[in-house]
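Trainee: Provide a 3D model corresponding to the input given below.
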Amino acid sequence: MDSRKNRLTFLFVLMLMILPFHAAEASEFPFTVYPVPEKGTILKWEKVNRLLPTGKKFKVIDLETGFYFSVQRRAGNKHADVQPLTYKDTAVLKHLYNGKWSWRRRAILIPVKGKMLAASMHGMPHGAGALQNGFPGHFCIHFAGSTTHKTRNADPSHKLMILKAGGKLEDYAHHANPHQIVQMYLLSLKENDPDLMKPVLPEKGAESKKLLKTGKGVTAIHYDIRGKESKKHRTFKTVIPVKTVIYRENKGVEKTMIRITVARLTPWSAWKINKVDWGR
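Mentor: Below is the predicted model of the structure:
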């Protein structure tokens, strides 16, 4: 009896020692999870601009994890330049990028007036920032029809992430031409997001599994898709060359010409990538 009592006492003391440690550890990562729906509503920037005017505070929900944080729109006329509200919000944002600021795009949802708006963000502080939040600048949130400051064109990565947040990636891929199919593959590598690649691969097969792994270790990629883009293709198979500069973790820079074979079964079928040849 005394032996059992001693064991229980030991376990109780051990729990008291462990619990404060874990409580302190958890407080360093203030995760707040939001129940994420299957998809958001894709709304044009002109309407979003009125719903989320400069100065508006709102929540940003990461589509993949459900983690959310609060921001304030500070500027931007073709997309929203925003800042995290507090140090806690900055901590959540940074955690989504594995503790490092990053230009990688992520699909997000924004709750406003009973709707979940589909959007895309990156995680790199730049430019001016005024809030006391530990975030040295602001970051950008894009919606359908948004453009960048410099080019005044839609950012292709943001475009795909918005489609992902709105549940429209499959539909986009089904109607895409071969150049757009190839771009989805390349942007999947760039953003380290297999979800952008899956709609353009055959549903089953060893080649699909192999292609999904090609993005492993890629930290950045620059590409130039060669050949003329055409909306109408009378063929069932085409090979598209792409000049690439790829940066891989612990491997440095790799300059290569890759040739991507895109095919379809019928004139009404969706184009799919069935082979990627990496040059040397």
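
Trainee: Need the nearest residue in space to Y97, chain neighbours excluded.
Mentor: In space, and not counting its chain neighbours, Y97 is closest to G123: 4.3 Å by Cβ to Cβ, 6 or more residues apart in numbering. To be clear about C-beta, it is placed using only N, CA and C from the backbone, and glycine gets the same treatment.

Trainee: okay but that neighbour is in contact with H95, surely?
Mentor: No. Taking contacts as Cβ atoms under 8 Å, G123 lies outside contact range of H95: 10.0 Å.

Trainee: Which residue ranges of this protein form strands?
Mentor: Under the criterion DSSP state E, the chain contains strands at 57-62, 68-75, 80-84, 102-112, 115-123, 139-142, 218-225, 237-248, 252-263, 272-278.

Trainee: May I see the buried residues of the last one?
Mentor: Within strand 272-278, the residues that count as buried by 16 or more other Cβ atoms under 10 Å are K272, I273, N274, V276.

Trainee: Now do the contacts for the second one.
Mentor: The contact partners of I273, by Cβ atoms under 8 Å, 6 or more residues apart in numbering, come to I181, V182, Y185, V200, L201, L211, I260, T261, V262.

Trainee: Next one: it relative to T256, how far apart?
Mentor: To T256, I273 is 17 Å away according to Cβ to Cβ, to the nearest Å.

Trainee: neighbours of R234, just the number please.
Mentor: By the criterion of other Cβ atoms under 10 Å, R234 has 6 neighbours.

Trainee: nope, V239 is what I meant
Mentor: 13.

Trainee: And it, how close does it get to F143?
Mentor: As judged by Cβ to Cβ, V239 and F143 stand 35 Å apart.

Trainee: cool, G129 as well?
Mentor: Using Cβ to Cβ, we find G129 at a distance of 21 Å from F143.

Trainee: Repeat that for H122.
Mentor: 14 Å.

Trainee: the more surrounded of those two?
Mentor: Neighbours were counted for H122 and for F143 using other Cβ under 10 Å; F143 has more, 26 against 22.

Trainee: Now do the contacts for that one.
Mentor: L43, K44, W45, V48, H79, A80, L117, A118, A119, S120, I162.

Trainee: Show the buried residues in those residues.
Mentor: L43, W45, V48, H79, A80, L117, A118, A119, S120, I162.

Trainee: Surely the first one touches A144?
Mentor: It refers to L43. Yes. If you go by Cβ under 8 Å, L43 and A144 touch, sitting 6.5 Å apart.

Trainee: State the distance from K251 to P194.
Mentor: 20 Å.

Trainee: Looking at those two now, which is surrounded by more residues?
Mentor: Taking other Cβ under 10 Å, K251 and P194 do not tie; P194 has more neighbours (15 against 11).
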